[in-house]
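Asks: I need the structure of the sequence given here:
(chains A and B)
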2 protein chains.
Amino acid sequence: MKKNLLIVGAGGVAHVVAHKCAQNRDAFGDIHIASRSMAKCEAILASVRDKQGDEAVDAIRAHAVDAMDPGAVARLIRETGAHIVINVASSFVNMSVLEACLQTGAAYLDTAIHEDPAKICETPPWYGNYEWKRRERCAEAGVTAILGVGFDPGVVNAYARLAADEHLDTVRSIDIVDINAGKHDRWFSTNFDPEINFREFTGAVYSWQDRAWRSNRMFEVGREWDMPVVGRQKAYLTGHDEVHSLSRNYPDADVRFWMGFGDHYINVFTVLKNLGLLSEQPVRTAEGLEVVPLKVVKAVLPDPASLAPSYEGKTCIGTFVRGTKSGEEKEVLLFNVADHKAAYEEVGSQAISYTAGVPAVAAAMLVASGEWDVRTMVNVEELDPKPFLALLGRIGLPSEMIVNGVARSLVH
Amino acid sequence: MKKNLLIVGAGGVAHVVAHKCAQNRDAFGDIHIASRSMAKCEAILASVRDKQGDEAVDAIRAHAVDAMDPGAVARLIRETGAHIVINVASSFVNMSVLEACLQTGAAYLDTAIHEDPAKICETPPWYGNYEWKRRERCAEAGVTAILGVGFDPGVVNAYARLAADEHLDTVRSIDIVDINAGKHDRWFSTNFDPEINFREFTGAVYSWQDRAWRSNRMFEVGREWDMPVVGRQKAYLTGHDEVHSLSRNYPDADVRFWMGFGDHYINVFTVLKNLGLLSEQPVRTAEGLEVVPLKVVKAVLPDPASLAPSYEGKTCIGTFVRGTKSGEEKEVLLFNVADHKAAYEEVGSQAISYTAGVPAVAAAMLVASGEWDVRTMVNVEELDPKPFLALLGRIGLPSEMIVNGVARSLVH
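Replies: Residues are numbered from 1 along each chain as shown, chains lettered A, B, ... in the order given. Reported below is the predicted structural model:
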């Protein structure tokens, strides 16, 4: 019997997930999508109909649900008979959706770490604050929970595992580099939910170096990376989910995340941050209205989904893994190059959403097939990377490899 | 019988006005101060007590009033027996306070043009939209209304009149230049109410040139001015109240206002404006809260009054009037230099508030003495500038003059 799937969320990544699930609907039983806003679910279904036709859209049913309410999500899982839940809603609902999976036995997948709306940048390792506290319960209940299975975190974790397993004897460092060399026609925009985007950068930047957590300020540490296709790009040490699991699984390696930023982004971010407009703490206006500045910034910024039609250029996201093989120094770079325009033509999204959504669908397909149905909680580097990367190559995100500066074919 | 005075407002300029009225209390009968917030009035009285002692503060009584309500202001005028009202509250209340003066016969003085919260940068001449529509009623009722009697507008209008009357046969141009060369210890702040400050710069920049209104964008036209004491400074063509009355009274002259801005201010302003955060139109957050972005920006920015303790350096504000005298080209610059630290030591305010507040008190003293009690509505250039500038020199804002590049003594 094929496994039924429930997608929770109806934002930019959910849009891609719905499209990819429809494209690969033979891998699943019934497919459902649910969010607080029925209208947003229906807009996604309209896009699926537009790109893939009636047969594809008929495979998906839309529901309204308050994902902050574990009971409501559990009821929906039971009603839909869902065996697998892909949670691509706001990071604020991760724990309520996971709770619903624990109550019903459904497998749980997400693409970003849980966040508490009231807190920014908690104690490392971040997964220790919420997710890993439920690991025992997952194991006891035999519930598969795959954390952070987007591109980064997600595919980049699989890259680290593959390099460590197949190409190195010892791992000295894991550097994840995320470059978006695309251009859109707006004066300024974040590429995904501004609230989540800015929260990533307003707290301390944690990296794992010399077997210890190191803390820096955002934009304090920058360096140029020479990346395939997109060329030399300045990227900055940034706090990111995967640093917090990879450092647990590869404690002897330095683990760092680098994100590319242009001067324009840095200037806008710096102005907003220094003025206090990125704060998640409410302020009171002269008229007595209590309001969270960050939510107002989100309200005035473009909807990231609206960038897609004008977005051009490529993203390059990869993992540099350095260490030794047979006593020799070795550097392995595994990466993917995605194209904004191609993503838009295929599913109506820009490449940032595309690269985040497709891996979650691949993971769901591997859970459905049993290959990744591990009946416990894992981060992606704890799973066999080969079927995942092979499947990703077939459904839209091919990986490439460069070893010591020389392109090599990636054998799965 | 000495005339009773009512100060409306309890912000930074009202603070200076209250101090200066207390210093010059012999010129008035009873002195009252009223604002929506009794606590803000009392904070001002505490500062007066601190700087000037019990006798000074005993001369002033505090009241709470909603200045948006003409009936409430009229009742307070009657209760206090006020003959003169200095309105230094938000520009949004000008018309309601003027209405109360028309109903009671009290003289009306303000320091900035009326603004409608829902509109930015209305049709020039700005005074034609609200103030001048009440000119006939003032004349009929014999009510003295002196518009815009701060420094700019205000003293700079008197400078233009003095230069035109005493030093020139023809006036070809009037350029008002406002330079603040002071430094404070905050990353960014406006020098007065951020809401009013930013509203000045978000609309079209109007200037009067070649007998017609010309419209530019903010920061589109900039030039360097060589100013006394503060030196060479970049200033930008800016929309400002006095352009709208001086162009009516000197229609053959080009009338322009130039405000000095550093690159940092321009960058912050540009980011906020381009993101839509300076909009006075409400936006709706994802949570459904309706909020005006500009009011949130105001809420996160420093209270301009809080800058005073750390403010150092000088302001220089002046009027360049060019034309001919006996057939020869002639340039007359009249100006004042004020010092942030000196203003703070004297009244606990920075120089921006000081230069705006002191002229209103001088004007009230001239209304009280009868010299400026004109029983109709006027802009400052329609009044005799000599007693005004002489009095200002005695109470803290001395003027200086440079003719064709040579310092000349200013004879009142």
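Asks: For chain B, give me its nearest residue in the stretch 1-150 of chain A.
Replies: A:S90 (9.1 Å; Cβ to the nearest Cβ). For every residue, glycine as well, the C-beta is placed using N, CA and C.
Asks: Local confidence estimate at that residue?
Replies: Per-residue pLDDT puts A:S90 at 92.
Asks: And A:E280, by the same measure?
Replies: A:E280 is given a pLDDT of 89.
Asks: out of everything not next to it in sequence, what's closest to it?
Replies: Leaving aside its chain neighbours, A:E280 sits nearest to A:L294 (5.2 Å; criterion: Cβ to Cβ, 6 or more residues apart in numbering or on different chains).
Asks: What's the mean pLDDT across the longest helix anywhere in chain A?
Replies: Counting by DSSP state H, the longest helix found in chain A is helix A:351-369. Helix A:351-369 comes out with an average pLDDT of 97.
Asks: And that helix, how far out from the chain middle?
Replies: A distance of 10 Å separates the centroid of the chain from that of helix A:351-369, by Cα atoms, centre = their mean, to the nearest Å.
Asks: other SSEs contacting it?
Replies: helix A:12-23, strand A:84-87, strand A:107-110, strand A:314-325, strand A:328-339, helix A:340-347, helix A:385-395 (3 or more Cβ pairs under 8 Å, 6 or more residues apart in numbering or on different chains; DSSP states H and E).
Asks: Show residues contacting the second one.
Replies: To tie it back to what came earlier, the one meant is strand A:84-87. Under the criterion Cβ atoms under 8 Å, 6 or more residues apart in numbering or on different chains, residues A:3-9, A:17, A:21, A:28, A:67, A:73, A:77, A:93-94, A:97-98, A:100-101, A:106-111, A:360-361, A:364, A:367-368 lie in contact with strand A:84-87.
Asks: give me every residue that touches the one residue in the stretch 51-200 of chain A that gets nearest to chain B.
Replies: Distances between the stretch 51-200 of chain A and chain B by Cβ to the nearest Cβ are smallest at A:W187, namely 4.8 Å. If you count contacts by Cβ under 8 Å, 6+ apart, A:W187 has them with B:N274, B:L275.
Asks: hang on, it in a strand?
Replies: No - per DSSP: H, G, I helix; E, B strand; the rest coil, A:W187 lies outside any strand segment and is coil.
Asks: any idea how far B:A356 is from it?
Replies: In this view, A:W187 and B:A356 are 34 Å apart by Cβ to Cβ, to the nearest Å.
Asks: ok, now A:I7?
Replies: 59 Å.
Asks: same question, A:R199
Replies: From A:R199 to B:A356 the distance is 40 Å (Cβ to Cβ).
Asks: out of the two, which sits in the more crowded spot?
Replies: B:A356 (26 against 20; other Cβ atoms under 10 Å in any protein chain shown).
Asks: Nearest residue to that one in space, ignoring adjacent ones along the chain?
Replies: B:G150 (4.0 Å).
Asks: OK, contacts around that neighbour?
Replies: Neighbours of B:G150 in contact, by Cβ under 8 Å, 6+ apart: B:V13, B:T111, B:A112, B:T355, B:A356, B:G357, B:P359, B:A360.
Asks: how about 7 Å then?
Replies: By Cβ atoms under 7 Å, 6 or more residues apart in numbering or on different chains, the residues touching B:G150 are B:T111, B:A112, B:A356, B:P359, B:A360.
Asks: For these, give me JSON lines that also has distance to A:K314.
Replies: Below are the contacts of B:G150 laid out as JSON lines (distance: Cβ to Cβ, whole Å):
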{"residue": "B:T111", "distance to A:K314": "56"}
{"residue": "B:A112", "distance to A:K314": "52"}
{"residue": "B:A356", "distance to A:K314": "54"}
{"residue": "B:P359", "distance to A:K314": "61"}
{"residue": "B:A360", "distance to A:K314": "61"}
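Asks: Which of the residues you listed has the largest number of neighbours?
Replies: Top of the contacts of B:G150 by neighbour count (other Cβ under 10 Å): B:P359, with 32 neighbours.
Asks: correct me, but it touches B:G154?
Replies: Yes - B:P359 is in contact with B:G154 according to Cβ atoms under 7 Å; the separation is 4.7 Å.
Asks: are any of the contacts of strand A:84-87 buried, and which?
Replies: Buried members of the contacts of strand A:84-87, scored by 16 or more other Cβ atoms under 10 Å in any protein chain shown, are A:3-9, A:17, A:21, A:28, A:67, A:73, A:77, A:93-94, A:97-98, A:100-101, A:106-111, A:360-361, A:364, A:367-368.
Asks: For the stretch 151-300 of chain A, which residues are neighbours of chain B?
Replies: Residues of the stretch 151-300 of chain A lying close to chain B by Cβ under 7 Å from any Cβ of the partner chain are A:187-188, A:267-268, A:271, A:274-277, A:283-287, A:289, A:291, A:293, A:295-296, A:298-300.
Asks: how about 10 Å then?
Replies: A:186-189, A:193, A:195, A:264, A:267-279, A:282-287, A:289-300 (Cβ under 10 Å from any Cβ of the partner chain).
Asks: which residues are in contact with stretch A:402-410?
Replies: A:159, A:162-163, A:166-167, A:226-228, A:318, A:320, A:325, A:328-335, A:386, A:389-390, A:393, A:398-401 (Cβ atoms under 10 Å, 6 or more residues apart in numbering or on different chains).
Asks: Only the buried subset of those, as a PyMOL command please.
Replies: This is the PyMOL syntax for the buried subset of the contacts of stretch A:402-410, where burial follows 16+ other Cβ under 10 Å:
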select buried, chain A and resi 159+162+163+167+227+228+318+320+330+331+332+333+334+335+386+389+393+399+400+401
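Asks: now the helices for the stretch 101-250 of chain A?
Replies: A:135-141, A:155-166, A:194-202, A:241-249 (DSSP state H, counting those that start in this stretch).
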